[in-house]
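Colleague: after the sequence you'll find the predicted model.
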Amino acid sequence: GDGLRREWFQLAAAELADPRFNLFCSYDGGRTLQPSPSSSVQGAGHRAYFELAGKLVGLALLHGETLPALRFSNAFLKRVLGGTLGLDDLEATDPEAYRGLRHVLQADDVEGLCLTFSEASDHPADLLTGAGDDA
């Protein structure tokens, strides 16, 4: 009946949202979720899990069920629905990055901030071909 279906949806959604699978992450204390930028560490099959999550959400909508374990961030939902994201959307998604960008945009002397372009990666690469060459 309805109770069994509701429980199945809740259990399936909770399993997909489980942090040990690293499919979704939260930057607001667990209130909302969005796809984890490091979800690919799960291997090539991680996209199939996102497809499964999408099908689960669609099926839940079809049956009028809610999925409390999969409360997506407004920015993620906006993007899924084809909307354009702006800087204000970043505030809820990644507050630290938002504060940093806002600080740069409001700075009177950007050069005085001594900013550099860097990448946090195990496989760093030059931004330009030959950028590391002395010319």
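Modeller: Structure received.
Colleague: need the helices for this protein, in chain order.
Modeller: Along the chain, counting by DSSP state H, helices occupy 2-17, 46-63, 74-80, 87-93, 95-106.
Colleague: and those as TSV, adding mean pLDDT?
Modeller: Putting these into TSV (pLDDT from 0 to 100) gives the following:
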stretch	mean pLDDT
helix 2-17	94
helix 46-63	93
helix 74-80	91
helix 87-93	83
helix 95-106	83
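Colleague: turn these into CSV, columns for mean neighbour count and distance to P35.
Modeller: Where C-beta positions appear, they are placed from N, C-alpha and C, glycine not excepted. Converted to CSV, these look like this (neighbours: other C-beta atoms under 10 Å; distance: least, C-beta to C-beta, whole Å):
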stretch, mean neighbour count, distance to P35
helix 2-17, 14, 11
helix 46-63, 14, 7
helix 74-80, 15, 7
helix 87-93, 16, 11
helix 95-106, 12, 16
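Colleague: angles on the backbone of Y27, please.
Modeller: phi -110, psi 10 (degrees, to the nearest 10).
Colleague: check contacts around the closest residue in space to A12 that isn't next to it in sequence.
Modeller: With sequence-adjacent residues excluded and distances taken as C-beta to C-beta, 6 or more residues apart in numbering, A12 is closest to L56, at 5.7 Å. Shown in contact with L56 (C-beta atoms under 8 Å, 6 or more residues apart in numbering): 9, 12-13, 16, 67, 70.
Colleague: JSON lines for these, including distance to L52?
Modeller: Listed next are the contacts of L56 as JSON lines, based on distance: C-beta to C-beta, whole Å:
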{"residue": "F9", "distance to L52": "13"}
{"residue": "A12", "distance to L52": "9"}
{"residue": "A13", "distance to L52": "11"}
{"residue": "L16", "distance to L52": "7"}
{"residue": "L67", "distance to L52": "13"}
{"residue": "L70", "distance to L52": "12"}
